[in-house]
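*Asks:* with the sequence up front, the predicted model follows.
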Amino acid sequence: MSRRSGAGQARADIGIIGGSGLYEMEGLTQVREARIKTPFGDPSGPVILGQLEGRRVAFLARHGQGHRFSPSTINYRANIYALKAIGVSQVLSVSAVGSMRETIQPGHVVLPDQFLDWTKRRASTFFDADVVAHVGLAEPVCGRLGQIVEQATRSVGAVAHRGGSYLCIEGPQFSTKAESHLYRSWHVSVIGMTNMPEAKLAREAELCYATIALVTDYDCWHETEEAVQVEAILTVLRQNVLLAKRLLREVVGQLEEKAVCGCQQALKGAIITAPEAIPAAARTRLHLLIGRYIEAKKGRG
Ligand SMILES: CSC[C@H]1O[C@H](OP(=O)(O)O)[C@H](O)[C@@H]1O
Ligand SMILES: Nc1ncnc2[nH]cnc12
(Lines give C-alpha, C1' and ligand atoms only; values in the text may rest on other atoms or scores of the structure.)
(Ligands and ions follow the chains in the order given, each with its own letter.)
Protein backbone atom coordinates (compact mmCIF):
# COMPACT_ATOMS: atom_id res chain seq x y z
CA MET A 1 0.00 0.00 0.00
CA SER A 2 1.70 3.21 -1.10
CA ARG A 3 0.95 6.36 0.84
CA ARG A 4 1.21 10.02 0.03
CA SER A 5 1.49 12.38 2.96
CA GLY A 6 0.65 15.99 3.82
CA ALA A 7 -2.57 17.69 4.86
CA GLY A 8 -3.19 19.81 1.74
CA GLN A 9 -6.48 19.00 0.00
CA ALA A 10 -7.11 16.05 2.32
CA ARG A 11 -10.89 15.47 2.22
CA ALA A 12 -13.18 12.72 3.43
CA ASP A 13 -16.89 12.30 4.22
CA ILE A 14 -16.97 9.36 6.59
CA GLY A 15 -14.71 9.08 9.64
CA ILE A 16 -13.80 5.82 11.35
CA ILE A 17 -12.25 5.95 14.80
CA GLY A 18 -10.56 2.65 15.52
CA GLY A 19 -10.34 1.49 19.13
CA SER A 20 -8.37 -1.24 20.87
CA GLY A 21 -7.16 -3.79 18.32
CA LEU A 22 -8.23 -1.74 15.30
CA TYR A 23 -5.21 0.28 14.27
CA GLU A 24 -5.64 0.23 10.51
CA MET A 25 -8.42 -0.18 8.00
CA GLU A 26 -7.81 -2.80 5.37
CA GLY A 27 -9.27 -2.41 1.92
CA LEU A 28 -8.68 1.33 1.57
CA THR A 29 -7.47 2.34 -1.88
CA GLN A 30 -5.77 5.56 -3.01
CA VAL A 31 -4.41 5.84 0.50
CA ARG A 32 -2.77 8.99 1.78
CA GLU A 33 -1.75 10.19 5.20
CA ALA A 34 -2.63 13.61 6.60
CA ARG A 35 -0.93 15.11 9.65
CA ILE A 36 -3.46 17.60 10.89
CA LYS A 37 -2.67 20.38 13.33
CA THR A 38 -5.56 21.62 15.43
CA PRO A 39 -6.03 24.51 17.89
CA PHE A 40 -6.52 21.82 20.52
CA GLY A 41 -3.22 20.05 19.96
CA ASP A 42 -2.29 16.94 18.03
CA PRO A 43 -4.64 14.09 17.22
CA SER A 44 -3.63 10.54 18.18
CA GLY A 45 -1.73 10.18 14.90
CA PRO A 46 -1.99 10.84 11.20
CA VAL A 47 -5.42 10.54 9.64
CA ILE A 48 -5.38 7.85 6.97
CA LEU A 49 -7.52 8.78 3.98
CA GLY A 50 -8.66 6.56 1.18
CA GLN A 51 -11.54 5.15 -0.78
CA LEU A 52 -13.67 2.34 0.63
CA GLU A 53 -16.71 1.00 -1.21
CA GLY A 54 -16.66 4.11 -3.40
CA ARG A 55 -16.74 6.51 -0.42
CA ARG A 56 -14.10 8.90 0.84
CA VAL A 57 -13.10 7.59 4.24
CA ALA A 58 -10.78 8.89 6.97
CA PHE A 59 -9.40 6.46 9.54
CA LEU A 60 -7.90 7.45 12.88
CA ALA A 61 -6.56 5.04 15.50
CA ARG A 62 -7.83 6.43 18.81
CA HIS A 63 -4.97 5.07 20.92
CA GLY A 64 -2.36 5.88 18.27
CA GLN A 65 -0.14 3.43 16.42
CA GLY A 66 1.30 0.97 18.93
CA HIS A 67 -1.51 1.83 21.39
CA ARG A 68 0.43 4.65 23.09
CA PHE A 69 -2.43 6.76 24.47
CA SER A 70 -4.43 5.60 27.47
CA PRO A 71 -8.16 6.44 27.64
CA SER A 72 -7.28 9.44 29.85
CA THR A 73 -4.49 10.82 27.63
CA ILE A 74 -6.21 10.56 24.25
CA ASN A 75 -6.71 14.05 22.85
CA TYR A 76 -10.39 13.60 22.01
CA ARG A 77 -10.82 17.24 21.04
CA ALA A 78 -7.97 17.10 18.53
CA ASN A 79 -9.25 13.82 17.09
CA ILE A 80 -12.78 15.11 16.49
CA TYR A 81 -11.55 18.49 15.27
CA ALA A 82 -9.14 16.84 12.82
CA LEU A 83 -11.96 14.76 11.29
CA LYS A 84 -14.18 17.83 11.04
CA ALA A 85 -11.34 19.80 9.44
CA ILE A 86 -11.06 17.38 6.54
CA GLY A 87 -14.79 17.48 5.83
CA VAL A 88 -16.05 14.43 7.71
CA SER A 89 -19.75 14.69 8.55
CA GLN A 90 -20.38 11.26 10.08
CA VAL A 91 -18.27 9.22 12.47
CA LEU A 92 -18.27 5.49 13.17
CA SER A 93 -16.60 4.80 16.49
CA VAL A 94 -15.35 1.27 17.11
CA SER A 95 -14.80 0.19 20.71
CA ALA A 96 -14.04 -2.85 22.82
CA VAL A 97 -16.45 -3.12 25.74
CA GLY A 98 -17.32 -5.29 28.69
CA SER A 99 -20.83 -6.72 28.92
CA MET A 100 -23.02 -5.81 31.89
CA ARG A 101 -25.80 -8.23 30.97
CA GLU A 102 -25.95 -11.99 30.76
CA THR A 103 -27.58 -11.95 27.31
CA ILE A 104 -24.91 -9.72 25.79
CA GLN A 105 -22.11 -12.16 25.13
CA PRO A 106 -18.46 -11.78 24.11
CA GLY A 107 -18.40 -11.63 20.30
CA HIS A 108 -21.72 -9.80 20.11
CA VAL A 109 -22.06 -6.29 18.73
CA VAL A 110 -23.84 -3.60 20.76
CA LEU A 111 -25.05 -0.36 19.21
CA PRO A 112 -25.63 1.80 22.27
CA ASP A 113 -27.98 4.75 22.02
CA GLN A 114 -27.09 6.31 25.39
CA PHE A 115 -23.96 7.05 27.37
CA LEU A 116 -23.20 7.64 31.03
CA ASP A 117 -20.15 9.82 31.51
CA TRP A 118 -18.30 8.60 34.59
CA THR A 119 -14.97 10.08 33.55
CA LYS A 120 -13.12 12.50 35.81
CA ARG A 121 -10.22 14.20 34.12
CA ARG A 122 -10.77 14.83 30.43
CA ALA A 123 -11.30 17.95 28.38
CA SER A 124 -14.86 17.32 27.32
CA THR A 125 -15.93 20.44 25.45
CA PHE A 126 -14.64 22.77 22.74
CA PHE A 127 -16.40 25.58 24.60
CA ASP A 128 -14.48 25.98 27.82
CA ALA A 129 -13.14 29.49 27.21
CA ASP A 130 -14.51 32.68 25.62
CA VAL A 131 -17.55 31.06 24.03
CA VAL A 132 -20.33 29.32 25.94
CA ALA A 133 -22.47 26.81 24.07
CA HIS A 134 -24.90 24.21 25.40
CA VAL A 135 -25.67 21.50 22.87
CA GLY A 136 -28.43 18.96 23.47
CA LEU A 137 -27.34 15.40 24.22
CA ALA A 138 -30.69 13.76 24.93
CA GLU A 139 -30.07 11.51 21.93
CA PRO A 140 -26.27 11.35 21.66
CA VAL A 141 -26.24 8.76 18.87
CA CYS A 142 -27.38 9.55 15.35
CA GLY A 143 -30.52 7.44 14.80
CA ARG A 144 -30.06 7.42 11.02
CA LEU A 145 -26.52 6.06 11.37
CA GLY A 146 -27.62 3.61 14.07
CA GLN A 147 -30.26 2.16 11.77
CA ILE A 148 -27.76 1.59 8.97
CA VAL A 149 -25.22 0.04 11.33
CA GLU A 150 -27.85 -2.31 12.76
CA GLN A 151 -28.86 -3.56 9.31
CA ALA A 152 -25.24 -3.99 8.30
CA THR A 153 -24.40 -5.88 11.50
CA ARG A 154 -27.15 -8.38 10.81
CA SER A 155 -26.21 -8.71 7.17
CA VAL A 156 -22.65 -9.74 8.09
CA GLY A 157 -24.16 -12.41 10.35
CA ALA A 158 -23.23 -10.92 13.72
CA VAL A 159 -25.50 -10.77 16.76
CA ALA A 160 -26.56 -7.14 17.17
CA HIS A 161 -28.08 -5.50 20.24
CA ARG A 162 -29.46 -2.13 19.20
CA GLY A 163 -29.87 0.40 21.99
CA GLY A 164 -28.73 0.40 25.59
CA SER A 165 -26.32 2.47 27.63
CA TYR A 166 -22.55 2.57 27.41
CA LEU A 167 -21.03 3.50 30.77
CA CYS A 168 -17.72 5.28 30.33
CA ILE A 169 -15.31 4.99 33.26
CA GLU A 170 -12.03 6.85 33.61
CA GLY A 171 -9.81 3.76 33.76
CA PRO A 172 -7.23 2.70 32.95
CA GLN A 173 -7.94 0.21 35.74
CA PHE A 174 -10.89 -2.08 35.28
CA SER A 175 -13.67 -1.84 37.86
CA THR A 176 -13.86 -3.41 41.29
CA LYS A 177 -16.60 -5.98 41.85
CA ALA A 178 -18.42 -3.47 44.06
CA GLU A 179 -18.37 -0.93 41.23
CA SER A 180 -19.38 -3.49 38.64
CA HIS A 181 -22.41 -4.54 40.70
CA LEU A 182 -23.33 -0.91 41.29
CA TYR A 183 -23.17 -0.18 37.57
CA ARG A 184 -25.34 -3.20 36.84
CA SER A 185 -27.93 -1.81 39.21
CA TRP A 186 -28.04 1.23 36.91
CA HIS A 187 -29.11 -1.10 34.07
CA VAL A 188 -26.29 -0.18 31.73
CA SER A 189 -25.57 -2.56 28.86
CA VAL A 190 -21.83 -2.20 28.37
CA ILE A 191 -18.80 -0.62 29.98
CA GLY A 192 -15.80 1.02 28.34
CA MET A 193 -13.32 3.85 28.81
CA THR A 194 -13.34 5.97 25.66
CA ASN A 195 -16.71 6.96 24.22
CA MET A 196 -16.99 9.92 26.53
CA PRO A 197 -16.17 12.67 25.81
CA GLU A 198 -15.82 11.53 22.19
CA ALA A 199 -19.58 11.44 21.60
CA LYS A 200 -20.10 14.82 23.30
CA LEU A 201 -17.43 16.43 21.16
CA ALA A 202 -18.83 14.90 17.98
CA ARG A 203 -22.16 16.53 18.82
CA GLU A 204 -20.48 19.89 19.48
CA ALA A 205 -18.74 19.54 16.13
CA GLU A 206 -22.13 18.75 14.52
CA LEU A 207 -21.03 15.31 13.36
CA CYS A 208 -23.30 12.28 13.21
CA TYR A 209 -21.87 9.72 15.63
CA ALA A 210 -22.56 6.04 16.24
CA THR A 211 -20.65 3.49 18.29
CA ILE A 212 -20.00 -0.06 17.20
CA ALA A 213 -19.24 -1.73 20.52
CA LEU A 214 -17.51 -5.10 20.27
CA VAL A 215 -18.05 -7.17 23.39
CA THR A 216 -14.89 -8.75 24.76
CA ASP A 217 -15.72 -9.79 28.35
CA TYR A 218 -18.19 -9.83 31.24
CA ASP A 219 -16.26 -7.27 33.30
CA CYS A 220 -16.05 -8.76 36.82
CA TRP A 221 -19.65 -9.14 37.98
CA HIS A 222 -20.30 -12.57 36.50
CA GLU A 223 -20.31 -15.47 38.94
CA THR A 224 -18.98 -18.14 36.60
CA GLU A 225 -16.85 -16.13 34.16
CA GLU A 226 -13.31 -15.00 34.94
CA ALA A 227 -12.89 -11.36 35.89
CA VAL A 228 -11.75 -9.25 32.95
CA GLN A 229 -8.03 -9.18 32.06
CA VAL A 230 -6.27 -7.63 29.09
CA GLU A 231 -4.91 -10.97 27.87
CA ALA A 232 -8.38 -12.48 27.56
CA ILE A 233 -9.69 -9.30 25.94
CA LEU A 234 -6.99 -9.43 23.29
CA THR A 235 -7.88 -13.00 22.36
CA VAL A 236 -11.54 -12.09 21.79
CA LEU A 237 -10.52 -8.83 20.13
CA ARG A 238 -8.59 -10.59 17.38
CA GLN A 239 -11.84 -12.23 16.27
CA ASN A 240 -13.92 -9.11 16.86
CA VAL A 241 -11.63 -6.95 14.79
CA LEU A 242 -12.00 -9.20 11.76
CA LEU A 243 -15.74 -8.86 12.16
CA ALA A 244 -15.46 -5.10 12.64
CA LYS A 245 -13.55 -4.67 9.39
CA ARG A 246 -16.21 -6.59 7.42
CA LEU A 247 -18.94 -4.68 9.17
CA LEU A 248 -17.36 -1.28 8.53
CA ARG A 249 -17.08 -2.04 4.81
CA GLU A 250 -20.75 -2.98 4.75
CA VAL A 251 -21.80 0.16 6.64
CA VAL A 252 -19.68 2.50 4.56
CA GLY A 253 -21.13 1.02 1.37
CA GLN A 254 -24.63 1.87 2.59
CA LEU A 255 -23.95 5.43 3.72
CA GLU A 256 -24.74 8.54 1.78
CA GLU A 257 -21.57 10.51 1.21
CA LYS A 258 -22.86 13.59 2.97
CA ALA A 259 -25.00 13.14 6.02
CA VAL A 260 -28.20 15.15 5.98
CA CYS A 261 -29.78 15.14 9.41
CA GLY A 262 -30.31 17.13 12.59
CA CYS A 263 -26.84 16.33 13.96
CA GLN A 264 -25.48 18.86 11.45
CA GLN A 265 -27.41 21.63 13.20
CA ALA A 266 -26.54 20.82 16.80
CA LEU A 267 -25.07 24.25 17.49
CA LYS A 268 -28.03 26.15 16.07
CA GLY A 269 -29.36 28.21 18.98
CA ALA A 270 -26.85 26.62 21.37
CA ILE A 271 -24.31 29.43 21.47
CA ILE A 272 -25.31 31.78 24.23
CA THR A 273 -22.34 34.17 24.14
CA ALA A 274 -23.06 37.43 22.32
CA PRO A 275 -21.07 37.48 19.06
CA GLU A 276 -19.64 40.91 19.88
CA ALA A 277 -18.33 39.51 23.18
CA ILE A 278 -16.24 36.85 21.46
CA PRO A 279 -12.57 37.84 21.29
CA ALA A 280 -10.85 37.70 17.91
CA ALA A 281 -8.53 34.90 19.02
CA ALA A 282 -11.51 32.74 19.99
CA ARG A 283 -13.21 33.46 16.67
CA THR A 284 -10.13 32.19 14.91
CA ARG A 285 -9.72 29.16 17.20
CA LEU A 286 -13.34 28.09 16.88
CA HIS A 287 -14.06 29.28 13.36
CA LEU A 288 -14.41 25.77 11.94
CA LEU A 289 -17.09 24.97 14.53
CA ILE A 290 -19.01 28.20 15.01
CA GLY A 291 -18.03 30.49 12.12
CA ARG A 292 -21.33 30.13 10.28
CA TYR A 293 -23.35 30.96 13.39
CA ILE A 294 -21.50 33.97 14.73
CA GLU A 295 -20.90 35.55 11.35
CA ALA A 296 -24.60 35.25 10.44
CA LYS A 297 -25.66 36.67 13.83
CA LYS A 298 -23.25 39.56 13.55
CA GLY A 299 -24.58 40.35 10.07
CA ARG A 300 -28.14 40.59 11.42
CA GLY A 301 -26.88 43.12 13.99
C1 LIG B 1 -7.71 -3.25 25.81
S2 LIG B 1 -9.09 -3.33 26.87
C3 LIG B 1 -9.44 -1.73 27.52
C4 LIG B 1 -9.49 -0.64 26.50
O5 LIG B 1 -10.30 -1.07 25.39
C6 LIG B 1 -11.32 -0.13 25.16
O7 LIG B 1 -10.81 0.86 24.28
P8 LIG B 1 -11.54 1.31 22.93
O9 LIG B 1 -12.86 1.89 23.32
O10 LIG B 1 -10.62 2.32 22.33
O11 LIG B 1 -11.68 0.06 22.08
C12 LIG B 1 -11.55 0.42 26.55
O13 LIG B 1 -12.30 1.60 26.52
C14 LIG B 1 -10.16 0.57 27.08
O15 LIG B 1 -9.54 1.74 26.60
N1 LIG C 1 -14.70 -4.62 31.29
C2 LIG C 1 -14.29 -3.51 30.72
N3 LIG C 1 -14.26 -2.35 31.42
C4 LIG C 1 -13.86 -1.21 30.82
N5 LIG C 1 -13.43 -1.14 29.56
C6 LIG C 1 -13.43 -2.26 28.84
N7 LIG C 1 -13.09 -2.48 27.56
C8 LIG C 1 -13.28 -3.80 27.31
N9 LIG C 1 -13.75 -4.42 28.41
C10 LIG C 1 -13.86 -3.48 29.38
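*Replies:* Received it, and whenever you're ready, just let me know what you need. Ligands and ions are numbered 1, 2, ... in the order given.

*Asks:* do a quick rundown of the helices in the stretch 51-200 of the chain.
*Replies:* Per DSSP state H, counting those that start in this stretch, the stretch 51-200 of the chain carries helices over the ranges 76-85, 143-155, 177-185, 195-204.

*Asks:* and this structure, which of its residues are near ligand 1?
*Replies:* 19-20, 62-63, 71, 95-96, 171, 192-194, 230, 233 (CB under 6 Å from any ligand atom). Yep, even glycine has a C-beta here, placed from its N, CA and C like the rest.

*Asks:* show me the residues you listed that map onto strands.
*Replies:* Within those, residues falling in strands by DSSP state E are 95-96, 192.

*Asks:* TSV for these, including neighbour count?
*Replies:* Listed next are those as TSV, based on neighbours: other CB atoms under 10 Å:
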residue	neighbour count
S95	27
A96	24
G192	25
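
*Asks:* what does the longest helix along the chain contact?
*Replies:* Ranked by residue count under DSSP state H, the longest helix found in the chain is helix 230-254. The contact list for helix 230-254 (CB atoms under 8 Å, 6 or more residues apart in numbering) reads 14, 16, 20-22, 25-27, 52-55, 57, 92, 94, 96, 106-107, 109, 148-149, 151-153, 155-156, 158, 212, 214-217, 226.

*Asks:* and these, which are buried?
*Replies:* 14, 16, 20-22, 25, 52, 55, 57, 92, 94, 96, 106, 109, 148-149, 152-153, 156, 158, 212, 214-217 (16 or more other CB atoms under 10 Å).

*Asks:* if we can go back for a sec, the longest helix of the chain to helix 143-155, inter-axis angle?
*Replies:* Angle, helix 230-254 to helix 143-155, by axes from the mean of the first three to the mean of the last three CA atoms, to 10 degrees: 110 degrees.

*Asks:* and the end-to-end length of stretch 162-178?
*Replies:* Using CA to CA, to the nearest Å, the end-to-end distance of stretch 162-178 comes to 27 Å.

*Asks:* my bad, should have said stretch 96-113
*Replies:* Span of stretch 96-113 from end to end, CA to CA: 16 Å.

*Asks:* over to stretch 35-52?
*Replies:* 20 Å.

*Asks:* same check, this time on stretch 56-66
*Replies:* 25 Å.

*Asks:* same thing with stretch 254-274?
*Replies:* OK, stretch 254-274 end separation, CA to CA: 41 Å.

*Asks:* pLDDT score for the closest residue to ligand 2 within the stretch 51-200 of the chain?
*Replies:* Of all residues in the stretch 51-200 of the chain, G98 sits closest to ligand 2, at 2.4 Å by CB to the nearest ligand atom. The model reports G98 with a pLDDT of 98.

*Asks:* show me what contacts the residue in the chain positioned nearest to ligand 1?
*Replies:* For the chain, the residue closest to ligand 1 is G19, as judged by CB to the nearest ligand atom, at 2.4 Å. Contacts were defined as CB under 8 Å, 6+ apart; by that measure G19 touches 62-63, 93-96, 194.

*Asks:* need these in JSON lines with distance to S44, can you?
*Replies:* Below are the contacts of G19 laid out as JSON lines (distance: CB to CB, whole Å):
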{"residue": "R62", "distance to S44": "6"}
{"residue": "H63", "distance to S44": "7"}
{"residue": "S93", "distance to S44": "13"}
{"residue": "V94", "distance to S44": "14"}
{"residue": "S95", "distance to S44": "14"}
{"residue": "A96", "distance to S44": "16"}
{"residue": "T194", "distance to S44": "11"}
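
*Asks:* show me the two of those residues that sit farthest apart.
*Replies:* H63 and S93 (12.7 Å; CB to CB).

*Asks:* tell me the pLDDT at G136?
*Replies:* pLDDT, G136: 98.

*Asks:* with A259 instead?
*Replies:* Turning to A259, the model gives it a pLDDT of 81.

*Asks:* helix, strand, or coil at it?
*Replies:* coil (DSSP: H, G, I helix; E, B strand; the rest coil).
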